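Student: Give me a 3D structure for the following:
(one chain, ligands or ions: 1)
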Amino acid sequence: MGLVIDFHIHIGLYHELHPWVMEWMKNEIEDPEAFVNEVLTPEGFAHYLRENGVDYGVALAELSPITTGMLSNEAVAEFCQGVDCLIPFCCINPYLVADLPSELERYVTEMGFRGMKLYPTYHHFYANSNRLYPLYAKAQELGIPVMIHTGSSVFRGARMKFGDPLYMDDVAVDFPDLTLLMVHSGRGFWYDRAYFLAKLHTNMYMEIAGLPPQKLLDYFPEIEKIADKVIFGSDWPGMPHIGRNIEIVRELPLSDETKDKILGGNAARILGLH
Ligand SMILES: [Zn+2]
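Tutor: Okay, the predicted model is just below:
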């Protein structure tokens, strides 16, 4: 078996999130705050990932003051420092900074971030808006992957129209050397679009965090055809049972090779891990 990589982990102090986010987490966990606090130290989290059979995790910052809350880039960088199994991804909110490319360059060259996540449904912008083009150009120049939220969001104030993965088509065409991940694979509304975009563009990937893994073949009956383009993620702590989700993927009626690629092979290639 190859590496197992969880491409979607939210790292942060949960008192910084809005109360409705904590409330939603109670669907899965009885006492979210205790659950998170118990493992959320750098050493504790490294141990937690190992226990769940995860070799590497992508740790996400999030600057969404109007919808979910603030998990700052500074805090994520600090948390990941010296923890080899955590790979920090920064967040840039186009409404909070003027000079987007300089901000990204600083995060990558000075703070050690190895990728970026954008949150169109939470920040209210279209992925193909002009405002973001210099940012994509910078990400392409720096050679870092860009994750973009697609599909549904349950949190108050999120706007679904911004989550259509079709808006990423322009970005994929205009930045052919930029690696783009459709986070949640167009969840709910646009599975078909996410699938065809991943099939069409060499630089577009489907990331499956937050989807029940047992449903993967219902959503994507021909997933085996794009085995090189699918990436596992959990959406911890919203989806707290990482190890169980990995087991469910392993039980799907797919070839072992495909399952290895989904669970870590594709992510390892994108992140330059071996
Ligand atoms: Zn998430």
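
Student: Pull out the buried residues from whichever strand or helix holds residue 74.
Tutor: Assigned by DSSP states H and E, residue 74 belongs to helix 73-80. Within helix 73-80, the residues that count as buried by 16 or more other CB atoms under 10 Å are 73, 76-77, 79-80. Just so you know, the C-beta spots here come from the backbone N, C-alpha and C atoms, and that holds for glycine as well.

Student: Which secondary structure elements does it sit against?
Tutor: Helix 73-80 sits against helix 42-51, strand 56-60, strand 86-91, helix 100-111, with contacts defined as 3 or more CB pairs under 8 Å, 6 or more residues apart in numbering; DSSP states H and E.

Student: Kindly state which of these is positioned closest to residue 266.
Tutor: Closest to residue 266 of the helices and strands packed on helix 73-80 is strand 56-60 (CB to CB; 12.7 Å).

Student: who does that closest one touch, helix- and strand-wise?
Tutor: strand 5-10, helix 42-51, helix 73-80, strand 86-91, helix 266-271.

Student: outside of the next helix or strand after it, which residues touch it?
Tutor: Helices and strands here follow DSSP H and E; after strand 56-60, the next one along the chain is strand 62-64. With CB atoms under 8 Å, 6 or more residues apart in numbering as the test, strand 62-64 has contacts from 10, 12, 68-73, 91-93, 96, 117, 119, 122-123.

Student: about what we covered before: taking the helices and strands packed on strand 56-60 together, which one is wrapped up most tightly?
Tutor: strand 5-10 (a mean of 26; mean count of other CB atoms under 10 Å).

Student: so what does that one touch, helix or strand wise?
Tutor: By 3+ CB pairs under 8 Å, 6+ apart, strand 5-10 packs against strand 56-60, helix 266-271.

Student: can you list the residues that contact it?
Tutor: 49, 54-60, 62, 71, 86, 147, 181, 183, 207, 209-210, 231-238, 242, 263-264, 267-268, 271, 273.

Student: can you do 7 Å?
Tutor: 54-60, 62, 71, 183, 207, 209, 231-237, 242, 264, 267-268 (CB atoms under 7 Å, 6 or more residues apart in numbering).

Student: I'd like the next helix or strand past the helix or strand containing residue 22.
Tutor: Element membership for residue 22, per DSSP H and E: helix 19-25. Counting by DSSP H and E, the element after helix 19-25 in chain order, helix or strand, is helix 32-39.

Student: Buried residues in that next one, which are they?
Tutor: 32, 35-36, 39.

Student: between it and helix 42-51, how big is the angle?
Tutor: Interaxial angle, helix 32-39 versus helix 42-51 (axes from the mean of the first three to the mean of the last three CA atoms, to 10 degrees): 90 degrees.

Student: can you pull the contacts of residue 230?
Tutor: Contacts of residue 230 (CB under 7 Å, 6+ apart): 206, 208, 223, 262, 266.

Student: try residue 179
Tutor: By CB under 7 Å, 6+ apart, the contact list for residue 179 reads 145-146, 203, 270.
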